[in-house]
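Undergrad: After the sequence you'll find the predicted model.
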Amino acid sequence: MNYQPRPDDVSFLLDTVLGAAPRLRALPPFAEVDDALQAQVLDEAGKFVAEVIAPLNRTGDEVGCRFVDGQVITPPGFREAYGALVEGGWLALSAATEDGGQGLPAVLEAVLFEWLSAANHGLTMAPGLLHGAYECLKHHGSDELKQRYLSKIATGEWLATMCLTEAHAGSDLGQVRTRAVAQADGSYRVAGGKIFISGGEHDLTDNIVHLVLCRLPDAPAGPKGLSLALVPKVLHDGSRNAVHCERIEEKMGLHGSSTCVMRFDDATGWLIGEPNRGLAAMFVMMNAARLHVALQGIGLLDAAWQKADAYAHERRQMRAPGPAPASRGGEPADLVAEHPAIRRILDTQRAWIDGARVVAYRTAVQLDVARHDIDPKVRERAQRWCALITPVLKAACTQQAFQGASECLQVFGGHGYVREWGIEQVVRDSRVTMIYEGTNEIQAIDLLVRKVLADGGTGMSAVLIELRDELDASREIDADVQRRLAQLRYLTTTIAMAAHADAALPFEVADDYLRVVMLTLLAWAWARIEHAAPGDARWSAPAAAFRRWALPEFEMRLGIVKRACESVTAQTVA
């Protein structure tokens, strides 16, 4: 089956649980955004994704991208589907109207890209960096560069890449060797090689705008000496730039996306931002990029769940324990969905999808609050939320996408391991999300070492208090969440104290700490959902599964971190 977006679920979470529309209308750019407009956008987006994008998913995986004489040929139908994305204005949802966009809130774009990733992750990789490239150029590009490239990127008429990784360096960007040499006309000659470049070459658009991390001849060593250059595939006079795709990677998944090895042979480019400030120019896109990858994880897990749930309600196997289910009729075996082990898998993954959506959609709203609220203190709080929560979402949602998709494959038994059912593709495609946009281990270290401990836990404490104050202690579920929020605050203080005795400790427990944070956020999200939909069977089953099967991990991870801290303290005392 092909992926089917469910706008009603999303509208409930946005409107009833989060109250997103009134919050967004309070921001000057979105004064006209009401529930009706939001619903219309979601309904039309859902239809487009289901009818145009999802049917190409299997073809994209089985045919894949082909590399012929230095050119990349995308799978059948991809070019036409991408053209429909551009023509329909879908890629320009949140771009400013003066740049050719529709000026809508970031959360609507977030939902769209969640659905696109669920329906066809390979094709969605092509425009996946457009928003980040747009923001980077808009905030740091010269007027001349913005005039020439901004609207083309905003609308998706030209696609963009981010060329960071080099074969010898991996995630250590401080080792980047690609060089950029200034020319008399203000341009630069860019020379070097990059690997793992998604969409580095393809036939979807006439031009590709590469954002290339590079180093000037007199630049200091390490990450502080990096610059960012805009290097187009085709120059403004129509001539081909010295940008070459040497080959495409043969990957475990994402066969519909060309992952390229790129070579720049003194290619013509122009700096974005100041010399030696390339990472600063990139950071403007960091939170949005992490959120988008988190939403890929949520979407892929939803795609896996839809396949498994549909199969479980069609396939009959053995008798389910307990009283005869109403669905049995005169059949010799019960539906797979009636078996407790399968029900546990399906409801637990549903709990992750719905709860993570609440946290992710709140984060998307906070991105706009951080940009547009008239109160600087409110903007500061929103920015703090985004800085702390986006690495949590990126790591936790992508990890659950892979592990949860594997669980959903289990529902099929042996049929899940063969290609015809499509679930094995989701498992393969989802695995890469744990790696790119910073591996999940790097996300965890960024959260704990660079964000939380940098101010002694003050910022994280403020976020947790904000969540606590949104709950009602007179309700049993809310009181339980408030207790966990307090435990997380205490754990943060415990790590900060132990880190004084062992500087390596935070790096060792970062993954477990991030998982504790995500489980706490999910507990808060499910408290909000249950308060908004008391007794609704659609939400009560995954709510119960979350508390029974997912939330107990909170105590396990909390205990792991506490024991690590106690070990350091004991050694210090001894």
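TA: Perfect, I can see it now.
Undergrad: remind me, longest helix of this structure?
TA: Longest helix of the chain, by residue count under DSSP state H: helix 376-411.
Undergrad: helix or strand right after that helix?
TA: helix 423-431 (DSSP states H and E).
Undergrad: helices or strands next to the helix or strand of the chain with the lowest mean pLDDT in the packing?
TA: In the chain, no helix or strand scores lower on mean pLDDT, DSSP states H and E than helix 278-283, which sits at a mean of 86. If contacts are counted by 3 or more Cβ pairs under 8 Å, 6 or more residues apart in numbering; DSSP states H and E, helix 278-283 sits against helix 130-140, strand 208-215, strand 226-232. Where C-beta positions appear, they are placed from N, C-alpha and C, glycine not excepted.
Undergrad: secondary structure element for Leu519?
TA: Using DSSP H and E, Leu519 falls within helix 505-532.
Undergrad: so who does Ala473 touch?
TA: Applying Cβ atoms under 8 Å, 6 or more residues apart in numbering to Ala473 gives the contacts Ala479, Gln482.
Undergrad: do you know how far it is from Ala527?
TA: Ala473 is 11 Å from Ala527, where distance means Cβ to Cβ, to the nearest Å.
Undergrad: tell me which element the residue nearest to Val452 when sequence neighbours are not counted falls in.
TA: Distances taken as Cβ to Cβ, 6 or more residues apart in numbering put Met460 closest to Val452, at 4.8 Å, once the chain neighbours are dropped. Secondary-structure element containing Met460, defined by DSSP H and E: helix 458-469.
Undergrad: which helices and strands sit right next to the next helix or strand after that helix?
TA: Per DSSP H and E, helix 458-469 leads on to helix 476-499 as the next helix or strand towards the C-terminus. If you count contacts as 3+ Cβ pairs under 8 Å, 6+ apart, helix 476-499 packs onto helix 458-469, helix 505-532, helix 553-573.
Undergrad: most tightly surrounded among those?
TA: helix 505-532 (a mean of 23; mean count of other Cβ atoms under 10 Å).
Undergrad: Run through the neighbouring helices and strands of that one.
TA: helix 340-372, helix 376-411, helix 440-445, helix 458-469, helix 476-499, helix 537-545, helix 553-573.
Undergrad: and those helices as CSV, adding distance to Ser239?
TA: Output for these, formatted as CSV (distance: least, Cβ to Cβ, whole Å):
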stretch, distance to Ser239
helix 340-372, 37
helix 376-411, 39
helix 440-445, 39
helix 458-469, 50
helix 476-499, 55
helix 537-545, 56
helix 553-573, 56
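Undergrad: Flag whichever of these has the least confidence on average.
TA: The stretch with the lowest mean pLDDT among those is helix 553-573, at a mean of 91.
Undergrad: So, low pLDDT: which residues of the protein?
TA: Applying pLDDT under 70 to the chain flags the ranges 573-574.
Undergrad: Identify the residue nearest the geometric centre of it.
TA: Val293 (1.8 Å; Cα atoms, centre = their mean).
Undergrad: List the contacts of Ala31.
TA: With Cβ under 8 Å, 6+ apart, Ala31 has these contacts: Arg25.
Undergrad: related to what we said a few turns ago, give me the contact list for the least confident helix or strand of the chain.
TA: Contacts for helix 278-283 (Cβ under 8 Å, 6+ apart): 136, 139-140, 162, 173, 211, 213-214, 223, 226-228, 272-274.
Undergrad: Same check on stretch 416-432?
TA: Stretch 416-432 has contacts (Cβ under 8 Å, 6+ apart) with 1, 57-58, 61-62, 121-122, 251-254, 297, 300-301, 303-304, 307-308, 311, 398, 401-402, 405-406, 408-410, 412, 415.
Undergrad: cutoff 6 Å now
TA: Residues outside stretch 416-432 that contact it (Cβ atoms under 6 Å, 6 or more residues apart in numbering): 61, 121, 252-254, 300, 303-304, 307, 401-402, 405-406, 409, 412, 415.
Undergrad: Return the set of buried residues in it.
TA: Neighbour-count burial for stretch 416-432, counted by 16 or more other Cβ atoms under 10 Å, picks out 416, 421-432.
Undergrad: Doesn't the residue nearest to the centre of the chain lie inside a helix?
TA: Yes - counting by DSSP: H, G, I helix; E, B strand; the rest coil, Val293 is located in a helix.
Undergrad: And the nearest residue to it once chain neighbours are set aside, how far from Lys152?
TA: Leaving aside its chain neighbours, Val293 sits nearest to Glu437 (4.5 Å; criterion: Cβ to Cβ, 6+ apart). Distance, Glu437 to Lys152, by Cβ to Cβ: 24 Å.
Undergrad: More neighbours: the two, which one.
TA: Shown here are Glu437 and Lys152; by other Cβ atoms under 10 Å, Glu437 has more neighbours (25 against 20).
Undergrad: Hmm, Ala294 and the more buried one touching each other?
TA: No - here Glu437 does not reach Ala294: they are 9.2 Å apart, not a contact under Cβ atoms under 6 Å.
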